[in-house]
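Chemist: 3D model of this:
(2 chains)
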2 protein chains.
Amino acid sequence: MNDPRASRFDLEPILLLGPGPASVSPRVLQAMAKPLLGYLDEDFRAMLAEESSWLRASFGTDNPVTFALSGTGMSGMEAVLANLLEPGDRAVVGVNGFFGERMVEVASRHGADVRRVDAEWGREIDPATLAAAAKEHRARVVAVVHAETSTGCLQPLVPIAEAVRSTEALLVADCVTSVGGAPIDLDRVGVDAVYAGSQKCLGAPPGLCPISFSARAMAVVRARKSRVSSWYHDVSLLERYYFADSPVYHHTPSNSLHYALLEALRSLHETEGLAAAFERHAANHRALVAGLEALGLKMLVPEGLRTPMLNSVVVPDGIDDAKVRARLRSKDRIEIGAGLGKLRGRVLRIGLMGHSSRFANVITVLSALAEALFEQGYRCSAGAAVEAAKAAD
Amino acid sequence: MNDPRASRFDLEPILLLGPGPASVSPRVLQAMAKPLLGYLDEDFRAMLAEESSWLRASFGTDNPVTFALSGTGMSGMEAVLANLLEPGDRAVVGVNGFFGERMVEVASRHGADVRRVDAEWGREIDPATLAAAAKEHRARVVAVVHAETSTGCLQPLVPIAEAVRSTEALLVADCVTSVGGAPIDLDRVGVDAVYAGSQKCLGAPPGLCPISFSARAMAVVRARKSRVSSWYHDVSLLERYYFADSPVYHHTPSNSLHYALLEALRSLHETEGLAAAFERHAANHRALVAGLEALGLKMLVPEGLRTPMLNSVVVPDGIDDAKVRARLRSKDRIEIGAGLGKLRGRVLRIGLMGHSSRFANVITVLSALAEALFEQGYRCSAGAAVEAAKAAD
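Modeler: Coordinates of the predicted model:
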């Protein structure tokens, strides 16, 4: 029963350069080794309050209802859609990748009448088309993915918000991959509800999902006619634990994960600074792209629309992407991601997120990738890639 | 923003003797400081497989669909009920405490027609009444709480299962608090679906929820006419990640919590042994009860129905329970629990779970409790309580 393989990972870490989780700093990992506290303990509640204030700073919002849900990013998608939509409500979802598809699925499971506005995977959703669909469909909610982890496309939120403002709809954004790595500016842009992930650019392990609801979104929640079907995700119950002076037990949050997230947020905001973290993600992205292009590779997403933290590179003809990934994992101890959904086999996804977004990692992965491609007969020069990355840094 | 209170807990741990989380051993805490792995990494998947095999041993089942859900115990309640019940389905829930009430609430939110069978809080549900209600109501699901954390009542599962077997219903048991601390014997007893908690007798931090579905329960899931409204909790999707040879991405499980749970399970099964752990919980329970009775205190639950891991002791007349708890927290750095729901102010809940179930802790809490009561004018002798506990050990 005690599979010896299960202990093998103790020997040497894997460098996580895939779609997430990213590698986490020792400072954050060590925070989890601290002893637990009760869920009503005043020290633990003070930590949750501090965590929420850093999350507000990360999102660029003053929303009181901002906290980390006890689940992964996908639980946040469910929480936001399940709270804002009642059965029969109409929603419009922009779909330009795997996670847009997911939102359609999740919203429709909660009984919403969902209309989709599609764009090619890796291209942006057209704001005018989205707003027109919202008007015609009389949508309560319009939802888009900010950083599509399946493609590496960064959806510009400002034009979307401007277009949606002419409708009655609430704007929801999936910021799982963007938070901490690219500006969100929730309040200034005008986004009503957002969910994120702890395990990407925020630099914490997976397991918590930062979310935020605007006053306008909470008004919709409070005016619901039906109870939220998912008790675990009911934000009206959750806020009575997270924000009440006399907190009401709902569930038992994971101290250890909150210790880690708080330490990651302190590291991001106090030690580095949010603007510096954005610049770091952008600079390492530029270096990686320069290196990949020097290898003769092509990015899936056009310049100007690319996320700084997730880079989808097209698999060249004749190259077996699974072999490339397996070689990196076994020989170089690097994880990069496969294509997801309809991009399976067609792209490799290289993540530079949080603690993993470091120039040394750019060089490491370019060099390993060049060797792996070369082994399959692809002509390229690791040296040229490294030089190009250095020049772009 | 950096609230100084938030770091204060670094100074000295709190001994967690409440309703959970329990204190966790350094071995388990340290496991979380290990570097992360990708969710498709073969080493991580080997760990999940080992974890599932220990969970089967913990539940006493061969159910293939046994794994730790990415959420707390409450997410397991939701997952089990949401998967087994379709809107309009009939369910019968035994209610003899706070968590029975919760099951009524959660099942009805998922559209079930719920009939409740009540018993006094702290007394057992009558098996014949439960089975009669299931027959009359033509229930698809009958649900009971094994160890009611709000009262400390251990519902005997064998007579319940025998009675329910005469109906068509599936039997669901909430084993959040019992798993690892008292025998469950899922297969032998005949329970169809179960959910548990990582943070109590299993000895891990909160954040994961072990669940198990029998073949009969999975047949009901597979025969559903409607999709499970909660995508995050859909076991048909989850099993394609946890058990498929070519795993399909669903969400990103929390490596750190799984490292901790696996280490806790190895500690429970390999280092100590499950039977020895049951005996440890039983022995410390006996010692605590002997000590409490020597203090002149009364247990809420009659002998023979008491859970070994959670002890509800009646607050004597004239004693302010909040002051007792505050004194233990501030002076002795011990957390014990308040009464929940209708028992608020009427009982104190003392947990001896997992790593917290140690004879030294029994002595510590008896001594602190005696002093706290004495301060409020209650006549008792700490020495007598300690002697009684030692004699019962």
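
Chemist: what's residue A:51 in contact with, if anything?
Modeler: Contacts for residue A:51 (CB atoms under 8 Å, 6 or more residues apart in numbering or on different chains) come out as A:67, A:68, A:258, A:261, A:262, A:265. C-beta coordinates here come from the backbone N, C-alpha and C atoms, glycine included.

Chemist: what about it, which helix or strand?
Modeler: helix A:42-59 (DSSP states H and E).

Chemist: So is stretch A:59-74 next to chain B?
Modeler: Yes: part of stretch A:59-74 sits near chain B under the criterion CB under 8 Å from any CB of the partner chain, namely A:70, A:71, A:72, A:73, A:74.

Chemist: Please tell me I have it right and residue A:351 contacts residue A:312.
Modeler: No: the criterion here is CB atoms under 8 Å, and residue A:351 misses it with residue A:312 at 10.1 Å.

Chemist: Pull out the buried positions in the helix holding residue A:51.
Modeler: Neighbour-count burial for helix A:42-59, counted by 16 or more other CB atoms under 10 Å in any protein chain shown, picks out A:43-59.

Chemist: Then stretch A:81-93?
Modeler: A:81, A:82, A:83, A:84, A:85, A:86, A:89, A:90, A:91, A:92, A:93.

Chemist: Okay, and which of those residues map to strands?
Modeler: A:90, A:91, A:92, A:93 (DSSP state E).

Chemist: So of the residues you listed, which two are at opposite extremes in space?
Modeler: A:90 and A:93 (10.9 Å; CB to CB).

Chemist: Can you check which residues contact both of those two?
Modeler: A:114, A:115.

Chemist: who's in contact with the residue in the stretch 101-250 of chain A that chain B sits nearest to?
Modeler: In the stretch 101-250 of chain A, the residue that lies nearest chain B is residue A:207 (3.1 Å; CB to the nearest CB). Contacts for residue A:207 (CB under 8 Å, 6+ apart) come out as A:70-72, A:198-199, A:254, A:257, B:70, B:207, B:253-254, B:256-257.

Chemist: Now the residues you listed in a markdown table, please, with extra columns for distance to residue A:243, pLDDT and secondary structure.
Modeler: What follows is the contacts of residue A:207, written out as a markdown table (distance: CB to CB, whole Å; pLDDT from 0 to 100; DSSP: H, G, I helix; E, B strand; the rest coil):
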| residue | distance to residue A:243 | pLDDT | secondary structure |
| --- | --- | --- | --- |
| A:70 | 15 | 97 | coil |
| A:71 | 18 | 97 | coil |
| A:72 | 22 | 96 | coil |
| A:198 | 20 | 98 | coil |
| A:199 | 25 | 97 | coil |
| A:254 | 19 | 97 | coil |
| A:257 | 19 | 98 | helix |
| B:70 | 24 | 97 | coil |
| B:207 | 21 | 98 | coil |
| B:253 | 28 | 97 | coil |
| B:254 | 24 | 97 | coil |
| B:256 | 26 | 97 | helix |
| B:257 | 25 | 98 | helix |
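
Chemist: so which of these comes closest to residue A:318?
Modeler: Using CB to CB, the contacts of residue A:207 come closest to residue A:318 at residue A:199, 34.0 Å.

Chemist: Residue A:206 is in contact with the closest one, correct?
Modeler: Yes: between residue A:199 and residue A:206 there is a contact under CB under 8 Å: 3.7 Å.

Chemist: With neighbour numbers in mind, choose between these two.
Modeler: residue A:199 (33 against 27; other CB atoms under 10 Å in any protein chain shown).

Chemist: Next one: that one from residue B:287, what distance?
Modeler: According to CB to CB, to the nearest Å, residue A:199 and residue B:287 sit 43 Å apart.

Chemist: Same check on residue A:191?
Modeler: For residue A:191, the distance to residue B:287 - CB to CB - is 56 Å.

Chemist: Between the contacts of residue A:51, which sits nearest chain B?
Modeler: residue A:262 (7.2 Å).

Chemist: give the contact list for that closest one.
Modeler: Per CB under 8 Å, 6+ apart, neighbours of residue A:262: A:31, A:47, A:50, A:51, A:54, B:6.

Chemist: That one sits in which helix or strand?
Modeler: Here residue A:262 is assigned to helix A:255-266, by DSSP H and E.

Chemist: show me what contacts the nearest residue to residue A:158 once chain neighbours are set aside?
Modeler: What sits nearest to residue A:158 in space, not counting adjacent residues and going by CB to CB, 6 or more residues apart in numbering or on different chains, is residue A:189, at 5.7 Å. Applying CB under 8 Å, 6+ apart to residue A:189 gives the contacts A:60, A:157, A:158, A:161.

Chemist: In a markdown table: those residues, plus pLDDT.
Modeler: What follows is those, written out as a markdown table (pLDDT from 0 to 100):
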| residue | pLDDT |
| --- | --- |
| A:60 | 98 |
| A:157 | 98 |
| A:158 | 98 |
| A:161 | 98 |
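
Chemist: By neighbour count, which of those wins?
Modeler: residue A:157 (26 neighbours).

Chemist: I figured that one was touching residue A:191, is that so?
Modeler: Yes: counting by CB under 8 Å, residue A:157 touches residue A:191, with 6.5 Å between them.

Chemist: Identify the contacts common to the two.
Modeler: A:173, A:184.

Chemist: What's the local residue count around the residue nearest to residue A:187 when sequence neighbours are not counted?
Modeler: Counting by CB to CB, 6+ apart, the nearest residue to residue A:187 once its immediate chain neighbours are dropped is residue A:61, at 4.8 Å. The number of residues packed near residue A:61 is 22, by other CB under 10 Å.

Chemist: How about the one 4 residues further on?
Modeler: Residue crowding around residue A:65 was assessed by other CB under 10 Å; the count is 21.

Chemist: tell me the phi and psi of the nearest residue to it once chain neighbours are set aside?
Modeler: Spatial nearest neighbour of residue A:65, excluding adjacent residues (CB to CB, 6+ apart): residue A:213 at 4.4 Å. Backbone torsions of residue A:213, given as degrees, to the nearest 10, read phi -120, psi 130.

Chemist: Ok, the one 10 residues further on next?
Modeler: Comment: the main-chain dihedrals of residue A:223 come out as phi -90, psi 10, following degrees, to the nearest 10.

Chemist: how about the residues of the stretch 101-250 of chain A near chain B?
Modeler: A:102, A:105-106, A:109-111, A:197, A:199, A:205-207, A:227-233, A:249-250.

Chemist: Kindly write the PyMOL command that selects the buried subset of these.
Modeler: To isolate in PyMOL the members of these that are buried, counting by 16+ other CB under 10 Å, one can use:
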select buried, chain A and resi 102+105+106+109+110+111+197+199+205+206+207+228+229+230+231+232+233+249+250
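
Chemist: Now do the helix or strand encompassing residue A:383, average pLDDT.
Modeler: Assigned by DSSP H and E, residue A:383 falls within helix A:382-392. Averaging pLDDT along helix A:382-392 gives 97.

Chemist: now for it, which elements pack on it?
Modeler: Packed against helix A:382-392 by the contact rule (3 or more CB pairs under 8 Å, 6 or more residues apart in numbering or on different chains; DSSP states H and E) you find helix A:274-294, helix A:359-375.
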